[in-house]
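1. With the input below, show me the fold.
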Amino acid sequence: MSLWIEKIIPVNKYSRPGLKLYSVKKIVMHYTANPGASAYNHYLYFKNLKDRYASAHIFVDKTEAYQIIPLNEVAYHANDGSYRGVEELKPNANFRSIGVELCIEKDGTFHPETIKRAAQIVAYLCEKYQLNPINDVVRHYDVTHKNCPAPWVKDEGAFTAFKNSVKLLLNGGKTTNVKTSTPSYKQQTQTKNKTNLTIDGKWGSETTKALQIALGTPVDGVISSQPKNDITKAIYSGITFGNKGSMVIRALQKKIGAKVDGKLGPETVRKLQKYLGTPIDGKISRPESLMVKELQRRLNEGTF
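-> As a prediction, this is how the structure comes out:
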């Protein structure tokens, strides 16, 4: 039996922006604050949400759980308020964490089976992302001081007991039995290619080489058919790329879901900006680009 049912909601403005996570540093625990409502009820709610920005990756009740956001995408679950008590999640926790929501009973408590199922799910996630449940499983309250999950804000000892139960599951053997299209942690780390770029926002030959490694194309530091000293000029102009350069741009376009035409024009840049979670204007600013800095950071982490 699977730990959860995968029912991914469509990309939309309010609950699934379609942006990629930078990394997974923490698992953030929430409660639904909706007494008696099931995990499936919340899947339906967030699928049709139109009046506010909110969501989480997985919803858990006493009989089942639903994953509604891909684990490699942003959910709107932990960036409200101004308090940022978890250093690793600054400045926006949504880009570096996975949100798990526990449904509550009509009396406002967690059913024991809900807690048990949530512990199994969180143990799986800790194993997948190599997290320490004692340090890396946090409450929404710890991030923003919101009273969430209320039962564990009121009784911190119960939350500590939950984390200890996750730790016991990890120490006790297998925790995974999830049918999901998301690659396993082992598969992800096997394909990572970390680099050591200077994060300066300048798209030069070293950034191009790192991108070529990440995309699996020939590595020569050339992104266009023009001489290397014209790379920056070529990128800004949005010219048509040929030969090896075209191969790089085509591979990039395929990865980010842009039209595959070998041109680094405004539409491809917008798609890349959306993929990276940076402001979307279709331009690569100069002399330093926020988009290129984020690309360099991800290439360094092996998360592009």
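2. Now stretch 161-174 - C-alpha only, CSV.
-> In CSV, the C-alpha atoms belonging to stretch 161-174 read as follows (Å, rounded to 0.1, in the frame of the first residue of the first chain):
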residue,chain,number,x,y,z
ALA,A,161,7.4,13.0,20.4
PHE,A,162,6.3,13.0,16.7
LYS,A,163,9.9,13.8,15.6
ASN,A,164,11.2,11.0,17.8
SER,A,165,8.8,8.6,16.2
VAL,A,166,10.1,9.6,12.7
LYS,A,167,13.6,9.0,13.9
LEU,A,168,12.6,5.5,15.1
LEU,A,169,11.1,4.7,11.7
LEU,A,170,14.3,5.7,10.0
ASN,A,171,16.4,3.7,12.4
GLY,A,172,14.1,0.7,12.1
GLY,A,173,14.5,0.0,8.3
LYS,A,174,12.4,0.6,5.3
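3. in terms of contact, does residue 275 touch residue 256 like I think?
-> Yes - counting by C-beta atoms under 8 Å, residue 275 does reach residue 256; the two are 4.4 Å apart. The C-beta positions use only the backbone N, C-alpha and C, and glycine is treated the same way.
4. more crowded one of the two?
-> residue 275 (21 against 17; other C-beta atoms under 10 Å).
5. how close does the more buried one get to residue 8?
-> In this view, residue 275 and residue 8 are 18 Å apart by C-beta to C-beta, to the nearest Å.
6. Same check on residue 75?
-> From residue 75 to residue 8 the distance is 11 Å (C-beta to C-beta).
7. Between those two, which contacts overlap?
-> Shared contacts of residue 75 and residue 8, defined by C-beta atoms under 8 Å, 6 or more residues apart in numbering, comprise 16, 69.
8. more crowded one of the two?
-> Taking other C-beta under 10 Å, residue 75 and residue 8 do not tie; residue 75 has more neighbours (26 against 15).
9. Could you verify that the more buried one is part of a strand?
-> No - according to DSSP: H, G, I helix; E, B strand; the rest coil, residue 75 belongs to no strand; its state is coil.
10. my guess is it meets residue 101, correct?
-> No - contact status for residue 75 versus residue 101: not in contact, 9.7 Å apart, counting by C-beta under 8 Å.
11. Any chance you could list residues touching both of those two?
-> When contacts are counted by C-beta under 8 Å, 6+ apart, residue 75 and residue 101 have residue 56 as shared neighbours.
12. What's the first helix or strand after the helix or strand of the chain with the lowest mean pLDDT?
-> One helix or strand of the chain scores below all others by mean pLDDT, DSSP states H and E: helix 185-191, with a mean of 37. Next along the chain after helix 185-191, taking DSSP states H and E as the criterion, comes helix 205-215.
13. what's that following helix packed up against?
-> Counting contacts by 3 or more C-beta pairs under 8 Å, 6 or more residues apart in numbering; DSSP states H and E, helix 205-215 packs against helix 243-256, helix 290-301.
14. Mind doing that once more with 10 Å?
-> Where contact means 3 or more C-beta pairs under 10 Å, 6 or more residues apart in numbering; DSSP states H and E, helix 205-215 is packed against helix 231-237, helix 243-256, helix 290-301.
15. What's the mean pLDDT across the last one?
-> Per-residue pLDDT values across helix 290-301 average out to 86.
16. Repeat that for stretch 95-102.
-> Per-residue scores along stretch 95-102 average to 97.
17. Likewise for stretch 139-159?
-> On average, stretch 139-159 scores 95.
18. Please apply the same query to stretch 116-125.
-> Rounded mean pLDDT across stretch 116-125 is 94.
19. That stretch: how far from the chain's middle?
-> Between the mean C-alpha location of stretch 116-125 and the chain-wide mean there is a distance of 18 Å, by C-alpha atoms, centre = their mean, to the nearest Å.
20. cool, stretch 41-53 as well?
-> For stretch 41-53, the distance to the chain centre is 19 Å (C-alpha atoms, centre = their mean).
21. With stretch 137-146 instead?
-> 18 Å.
22. With stretch 36-52 instead?
-> With C-alpha atoms, centre = their mean, you get 21 Å for stretch 36-52.
23. go on, stretch 8-23?
-> 9 Å.
24. now do stretch 156-163
-> 26 Å.
25. Now do that stretch: everything it contacts.
-> Stretch 156-163 has contacts (C-beta atoms under 10 Å, 6 or more residues apart in numbering) with 27, 29, 102, 110, 115-116, 118-119, 122, 126, 132-139, 141-142, 149, 151-153, 155.
26. Fine by me, we can end here.
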